[in-house]
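Enquirer: When you get a sec, could you give me coordinates for this:
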Amino acid sequence: MSSSRHDHPLPPPRVEEVSDGVYAYVQPDGSWWINNTGFLVGPRGVISVDSCSTERRTLAYREAIRSVTDRPVTTLVNTHHHGDHTFGNSAFPEATIVGHEKTREAILAEGIPSYLGMAWTEVEWGDLEACPPFLTYTDRVTVHAGDLRCEVRHIGVPAHTTNDSIVWIPERRLLFSGDLLFNGGTPFVMMGSVRGALRALDEIQALGAETIVPGHGAVCGPEVIDRVRGYLRFVWETAERGRAAGLSPLEAARGTDLGEYGALLDPERIVGNLHRAYAELDGLPPGEPIDLVTAVLEMIDYNGGRPLTCLA
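Expert: Alright, predicted model coming up:
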């Protein structure tokens, strides 16, 4: 099994104006460590939603912002702590970095992890420095791009991680979802919660978003919510069957036909997701630590013993 399907070079990142003065920065193909960001141009400066995983990709993102406006980046909002959304924070020294208090805690605890060169194919990460948010919130905070109100909300439950936030622009019915939503890639909840992620999707759906910038994959509409929900339910049902049969998460994954989900990028995430689902079925509270090293090694095993494909 292959962790990604690439038979040609990746297309370059692109800037899409998704609403007046609001832009998505989409990085194909959205597989491991290739995330989306976005930015809002206000009269006095730019608000960025997330940074990128490598120095090169983040500097290219900065240039993309400059191609739209010469206004400074005054604010950088992190949707969660994962490095594909935060490793590039240090490339914005002029910005106030905003994030949930648990996002700050996780970045301070993890720094730039040493496992980057162990699990994935070789990547030129560049000169990275862990740079956590220094303006934090517990529930939500509002930022404004001129008169445009942007609500940064902690989702309230462990889901993709323990510290997921969304950026909701109610006047435009526009949502930056972070990694609570993947479009074309396999959803990943190994560090969060299957049940919590399903609850988070209900909260997101209730917003009534018309345009969604997912954490990975093309800009889309609310139809992506049901696709992610279907996959997470599939994970939970697979875990229930596997656990009842006495199978390990890896054994359950190997014995499961992914069906329609087999076409998603990075299908080996089924193993990590099952580790989380098994932990929850065993009574571990959502978001509590599990053995991530074993889960990652078993994703590699599921991938034929090859490192996971990363083209960042």
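Enquirer: Only C-alpha atoms from now on, for both contacts and neighbour counts.
Expert: Noted.
Enquirer: Provide the secondary structure category for residue 125.
Expert: Using DSSP: H, G, I helix; E, B strand; the rest coil, the structure places residue 125 in coil.
Enquirer: Please renumber the chain so that the first residue is 326 from this point on.
Expert: With 326 as the first residue, the last one maps to residue 450.
Enquirer: nearest residue to it other than its sequence neighbours?
Expert: The shortest distance from residue 450 to any non-neighbouring residue, by C-alpha to C-alpha, 6 or more residues apart in numbering, is to residue 379 (4.7 Å).
Enquirer: got a list of what the one you found touches?
Expert: Residues near residue 379 by C-alpha atoms under 8 Å, 6 or more residues apart in numbering: 409, 412-413, 449-451, 453, 637.
Enquirer: Using a markdown table, lay out the residues you listed together with neighbour count.
Expert: Formatted as a markdown table, the contacts of residue 379 follow (neighbours: other C-alpha atoms under 10 Å):
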| residue | neighbour count |
| --- | --- |
| 409 | 23 |
| 412 | 27 |
| 413 | 27 |
| 449 | 11 |
| 450 | 16 |
| 451 | 12 |
| 453 | 16 |
| 637 | 24 |
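Enquirer: now for those residues, which pair is the farthest apart?
Expert: 453 and 637 (14.0 Å; C-alpha to C-alpha).
Enquirer: Would you map the helices across the protein?
Expert: Here the chain has its helices, by DSSP state H, at 380-393, 408-411, 426-435, 441-444, 519-532, 548-569, 574-579, 594-606, 617-627.
Enquirer: Need those in CSV (columns: mean pLDDT and distance to residue 477).
Expert: Formatted as CSV, the helices of the chain follow (pLDDT from 0 to 100; distance: least, C-alpha to C-alpha, whole Å):
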stretch, mean pLDDT, distance to residue 477
helix 380-393, 98, 21
helix 408-411, 98, 15
helix 426-435, 98, 13
helix 441-444, 85, 29
helix 519-532, 98, 13
helix 548-569, 98, 19
helix 574-579, 98, 35
helix 594-606, 98, 27
helix 617-627, 97, 29
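Enquirer: what's the closest of those to residue 360?
Expert: Here helix 408-411 is closest among those (C-alpha to C-alpha), at 6.2 Å.
Enquirer: Report the distance from the closest one to the chain centre.
Expert: 8 Å (C-alpha atoms, centre = their mean, to the nearest Å).
Enquirer: now swap in stretch 547-564 and tell me
Expert: 16 Å.
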